[in-house]
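Prediction below, plus the sequence it came from.
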Amino acid sequence: MFLNRISLLKEEIDDYGQYPFTVPSIGTMDQLDLSNPITFFVGENGSGKSTLLEAIADKCGFNTAGGGRNNTYEVHAAESALGDYIRLSWMPKVTNGFFMRAESFYNFATHLEEIDGDGFQSYGGRSLHEQSHGESFLSLFLNRFNGRALYLLDEPEAALSPQRQLTFLRILKDLIDEENCQFIIATHSPILLGYPDAKILSFDGGSIEEIDYEMTDHYRITKYFLDHREKFLKEILED
C-alpha cells in the first residue's frame, strides 16, 4: 500500500470539545493501519467517515472540493477541519490521485468546462455535463484514474444503478491489478462493500473498528428486507 497508516496528532489538539473532535469516532481515534488495496469507511450519516476522508484529501494536497492537485476551484464548506491534526504514513509516497465527492461532482464538472478545450481529454473527450450522472461518474473512473495513485471516493454509488455498481467493481479490480492503485471509499452500498477481501472500517459505536461484511448494517438490513419484504414493510408502515 502507498498510504499505510493514518494517525491522529493528539498532542496538537487543544480542545476536544470543538468540532470535529466532538464526533465520537474522530475524538477517540488513535491510528488506522491500511493493509488492503481497498479500504471502505462505513457508518451512519454524521459518524465521521466523510470528515476523515476529506482530511486525508487535504493532507494529500487534493482539492477538498473534489479533484486532484491541479484542480483549483472552490465550493462552499469545502475546507477540512481535521486536516491539520492527522499524519499520513507512506511507503512509498505518491502524489498522483483524486478526491471524488458525489455531493460536489457538478461543481467539478463545471470547473472542467471553464478550463481550456483540452480539459475533457482525460475524461473521455466529452463534457461531463453532456452525459447522464451515472455516465459521467463512470467516465471519470474509466478515463481519469490510472496507475500508482491513491483515490479517495465519497459515496461513488450516488449516481450508479445496481448494474453500474457491478461495472464499477470490475473497474476497481482492473485498476488495482493492472494499474497498482489504492482506494479509500466511504459508502452506503452493500454491493460495493462486497468487494472480495476489502478492509471495512465502521465509524459507528463511538470508535473506528474493523468489521466483517456480513456484520455491517448495510448487509444485514438489506438482506432482511429482501428476505422478509412484506413483514418488514408491515412493521414500519402500519401503526
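It's in.

can you pull out the strands in this protein?
3-8, 31-33, 38-42, 86-90, 97-101, 150-154, 182-186, 199-202, 209-210 (DSSP state E).

Tabulate the ones you listed (a markdown table), appending mean pLDDT and mean neighbour count.
C-beta coordinates here come from the backbone N, C-alpha and C atoms, glycine included. Output for those, formatted as a markdown table (pLDDT from 0 to 100; neighbours: other Cβ atoms under 10 Å):
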| stretch | mean pLDDT | mean neighbour count |
| --- | --- | --- |
| strand 3-8 | 97 | 18 |
| strand 31-33 | 96 | 15 |
| strand 38-42 | 98 | 25 |
| strand 86-90 | 96 | 15 |
| strand 97-101 | 86 | 25 |
| strand 150-154 | 94 | 24 |
| strand 182-186 | 96 | 24 |
| strand 199-202 | 98 | 20 |
| strand 209-210 | 97 | 12 |
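
With distance to Lys231 added, can I get the ones you listed in JSON lines?
Below are the strands of the chain laid out as JSON lines (distance: least, Cβ to Cβ, whole Å):
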{"stretch": "strand 3-8", "distance to Lys231": "41"}
{"stretch": "strand 31-33", "distance to Lys231": "38"}
{"stretch": "strand 38-42", "distance to Lys231": "26"}
{"stretch": "strand 86-90", "distance to Lys231": "44"}
{"stretch": "strand 97-101", "distance to Lys231": "37"}
{"stretch": "strand 150-154", "distance to Lys231": "34"}
{"stretch": "strand 182-186", "distance to Lys231": "31"}
{"stretch": "strand 199-202", "distance to Lys231": "27"}
{"stretch": "strand 209-210", "distance to Lys231": "30"}
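
who's in contact with the residue lying closest to Tyr19 once chain neighbours are set aside?
In space, and not counting its chain neighbours, Tyr19 is closest to Ala81: 6.2 Å by Cβ to Cβ, 6 or more residues apart in numbering. By Cβ atoms under 8 Å, 6 or more residues apart in numbering, the residues touching Ala81 are Tyr19, Pro20, Thr51, Ala55.

Understood, closing this out.
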